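Chemist: When you get a sec, could you give me coordinates for this:
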Amino acid sequence: MTDLSDRAENAGSLPERKQRFDGIVDKVVERWNSGLNNVPGNLDLSGFLKLLGADRVGDYISTKLHATVANVDRRGAVPQQYETTLLDEEGLTLKAQLKQLHRWSWPLREIASLIDTQQRSGHNKGGSPEDWKVYYAVRWEEHIHLFLPGFFRVLASLQGFCNPANAGGMPFGLNNIAEKLDMGGWDEAAGIPSERDDSAPKTIQSLVYRLQKNVRSARDYSYVLKSFGPHDRFATIGSFSRLGDVFYRIPNLANSLLESLFGEVQGMGILAWKNLIDDAIRPLIINCPEKYWKDFLPALVPPLLMWLVEHIEWDALSHAAPDKANDGAIDEETEVSKEAVLRLLFEGMVGLCTDLISPMTRNDTAIVVNSKEMAFAAKEVELRNAALQKKLLLRAFVLERQVHTNPCQN
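Modeler: Sure thing, here's the model as predicted:
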């Protein structure tokens, strides 16, 4: 996808480039909407489970094998048996199908890659940054408006999948599938190599792992920053935030984001919170054009901070997702990964506060600590200075609207 986008950007006149680029993006948006529109129920929980193939896994678990081999009856199998119940040919075929079904989420990654490629290509060409912003607006507006409705529905569905209150609506044998969804990504997030043996015999548990991986991957495509070689790339939300007016002038944008991301936060684990804050919320705040601060930031930030206070508490998180198969105890290796992810989460929280109110030096210039704006700003001095100036203005905007409380009040 990146190679196609590079070729579209680097040959011919601007109208010719736009025509080629539109052809590429149109195909991505068409595949995205076509895949989602074929799901029954407009992506309610039942429809989303069908999109994932979770209904097929539930049917497989609940169906009795027609074989003469002893102990192959999966009807009524409990999660403790999943690790020891080997997959037959039908199960192995289903596991391969789950991997193919996951292609519905590929446009999330592709659209972010296209935006990233265009941003990098624009900064490497001549002309002023403002000229390129206008150029982006002409190119992206129609595509974004066609992509976003399905994107908000998918975000809400991903959050609903992880909500333990929806366990009763899960397919047979998968009631607790979201319980350890985050734990599967702790090692990767903490930089600890996974020791799972992919060559081991496949069991029912491997089907559950595949479903969890597909959901976690789709969530990552939506709002987790990824590194590709020398370049860091935002996922979909962060990429949209880089489009400026094209994105932020969408009506009711803050409420749409809040409803889709935070409508069902009960099942979000420490890794999900870390990724959401660091790679989605912070870019949304940092990249918001100044003329939208008055409407967008007050609509987004106060509810967000209230949710964070309510749901991100150290004691609650430190006891999250115990290994129930081991009497509630978490083994030492899991504990190491978990503590590393907790540290990353609170680094993200500090970064969010820094983005809103940067500390000041004696020279009244912002110390931009861990700021994604500076990390992704172009190297040119003029643009970096503009980013720093914007940060000072944002600090003043937030301080003017702070709410003072009287500790003596009841």
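Chemist: Pass me the low-pLDDT residue ranges in the stretch 301-410 of the chain, would you?
Modeler: Low-confidence segments of the stretch 301-410 of the chain, defined by pLDDT under 70: 311-331, 358-388, 391-392, 399, 401-410.
Chemist: can you do 50?
Modeler: Along the stretch 301-410 of the chain, segments meeting pLDDT under 50 span 321-329, 359-379, 403-410.
Chemist: Same check on the stretch 101-250 of the chain?
Modeler: Checking the stretch 101-250 of the chain against pLDDT under 50 turns up 227-231.
Chemist: what packs against whichever helix in the chain runs longest?
Modeler: In the chain, with assignment by DSSP state H, the single longest helix is helix 129-162. If contacts are counted by 3 or more C-beta pairs under 8 Å, 6 or more residues apart in numbering; DSSP states H and E, helix 129-162 sits against helix 14-37, helix 45-52, helix 106-123, helix 204-223, helix 245-248, helix 253-262. Every residue, glycine included, has its C-beta placed from N, CA and C.
Chemist: could I get the ones you listed as a markdown table with distance to Val138 and mean neighbour count?
Modeler: What follows is those, written out as a markdown table (distance: least, C-beta to C-beta, whole Å; neighbours: other C-beta atoms under 10 Å):
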| stretch | distance to Val138 | mean neighbour count |
| --- | --- | --- |
| helix 14-37 | 8 | 15 |
| helix 45-52 | 33 | 21 |
| helix 106-123 | 12 | 21 |
| helix 204-223 | 26 | 22 |
| helix 245-248 | 9 | 20 |
| helix 253-262 | 20 | 18 |
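Chemist: count of neighbours near Pro149?
Modeler: 12 (other C-beta atoms under 10 Å).
Chemist: next one: Ile286
Modeler: 26.
Chemist: Then Thr93?
Modeler: Neighbours of Thr93 using other C-beta under 10 Å come to 11.
Chemist: Roughly how far does it sit from Leu87?
Modeler: For Thr93, the distance to Leu87 (C-beta to C-beta, to the nearest Å) stands at 9 Å.
Chemist: same deal with Asp355?
Modeler: Applying C-beta to C-beta to Asp355 and Leu87 gives a distance of 47 Å.
Chemist: Looking at the two, which one has more neighbours?
Modeler: Neighbours per residue, other C-beta under 10 Å: of Asp355 and Leu87, the larger number sits with Asp355, 23 against 18.
Chemist: Out of the helices and strands packed on helix 129-162, the one nearest Glu339 is which?
Modeler: helix 204-223 (19.9 Å; C-beta to C-beta).
Chemist: mind saving the C-alpha coords of the closest one as CSV?
Modeler: Provided in CSV are the C-alpha atoms of helix 204-223 (Å, rounded to 0.1, in the frame of the first residue of the first chain):
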residue,chain,number,x,y,z
ILE,A,204,-9.5,-25.3,21.2
GLN,A,205,-7.6,-22.7,23.1
SER,A,206,-5.7,-21.7,19.9
LEU,A,207,-9.1,-20.8,18.4
VAL,A,208,-9.8,-18.5,21.4
TYR,A,209,-6.3,-17.0,21.0
ARG,A,210,-6.9,-16.3,17.4
LEU,A,211,-10.2,-14.5,18.1
GLN,A,212,-8.5,-12.5,20.8
LYS,A,213,-5.6,-11.6,18.6
ASN,A,214,-7.9,-10.5,15.8
VAL,A,215,-9.8,-8.2,18.1
ARG,A,216,-6.7,-6.8,19.6
SER,A,217,-5.2,-6.3,16.2
ALA,A,218,-8.3,-4.4,14.9
ARG,A,219,-8.1,-2.2,18.0
ASP,A,220,-4.4,-1.6,17.4
TYR,A,221,-5.1,-0.6,13.8
SER,A,222,-7.7,1.9,15.2
TYR,A,223,-5.6,3.7,17.8
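Chemist: Now Leu86: phi and psi?
Modeler: phi -70, psi 150 (degrees, to the nearest 10).
Chemist: Surely it is in contact with Gln205?
Modeler: No - applying C-beta atoms under 8 Å as the test, Leu86 and Gln205 come out as separate, 10.3 Å apart.
Chemist: measure the closest residue to Gln266 other than its chain neighbours to Gly269 for me?
Modeler: The shortest distance from Gln266 to any non-neighbouring residue, by C-beta to C-beta, 6 or more residues apart in numbering, is to Asn163 (5.0 Å). Distance, Asn163 to Gly269, using C-beta to C-beta: 12 Å.
Chemist: With neighbour numbers in mind, choose between these two.
Modeler: Neighbour count, other C-beta under 10 Å: between Asn163 and Gly269, Gly269 has more, with 22 against 17.
Chemist: residues contacting the closest residue to that one other than its chain neighbours?
Modeler: Counting by C-beta to C-beta, 6+ apart, Gly269 lies nearest to Asp182, which is 3.3 Å off, once chain neighbours are set aside. Counting by C-beta atoms under 8 Å, 6 or more residues apart in numbering, Asp182 touches Arg216, Gly269, Ile270, Leu271, Ala272, Ala321.
Chemist: Pipe the residues you listed into JSON lines and attach secondary structure and distance to Glu290 per row.
Modeler: Listed next are the contacts of Asp182 as JSON lines, based on DSSP: H, G, I helix; E, B strand; the rest coil; distance: C-beta to C-beta, whole Å:
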{"residue": "Arg216", "secondary structure": "helix", "distance to Glu290": "35"}
{"residue": "Gly269", "secondary structure": "coil", "distance to Glu290": "35"}
{"residue": "Ile270", "secondary structure": "helix", "distance to Glu290": "33"}
{"residue": "Leu271", "secondary structure": "helix", "distance to Glu290": "33"}
{"residue": "Ala272", "secondary structure": "helix", "distance to Glu290": "30"}
{"residue": "Ala321", "secondary structure": "coil", "distance to Glu290": "41"}
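Chemist: coming back round to it: for the longest helix of the chain, buried residues please.
Modeler: The neighbour-count check on helix 129-162 (16 or more other C-beta atoms under 10 Å) flags 132, 135-137, 139-141, 143-144, 147-148, 150-162 as buried.
Chemist: what about the closest residue to Thr85 other than its chain neighbours, distance to Glu142?
Modeler: Among residues not flanking Thr85 along the chain, Ile204 sits closest, at 4.8 Å (C-beta to C-beta, 6+ apart). Using C-beta to C-beta, one gets 45 Å for the distance from Ile204 to Glu142.
Chemist: Torsion angles phi and psi at the residue nearest to Gln266?
Modeler: The phi and psi values for Asn163, taken as degrees, to the nearest 10, are phi -80, psi 120.
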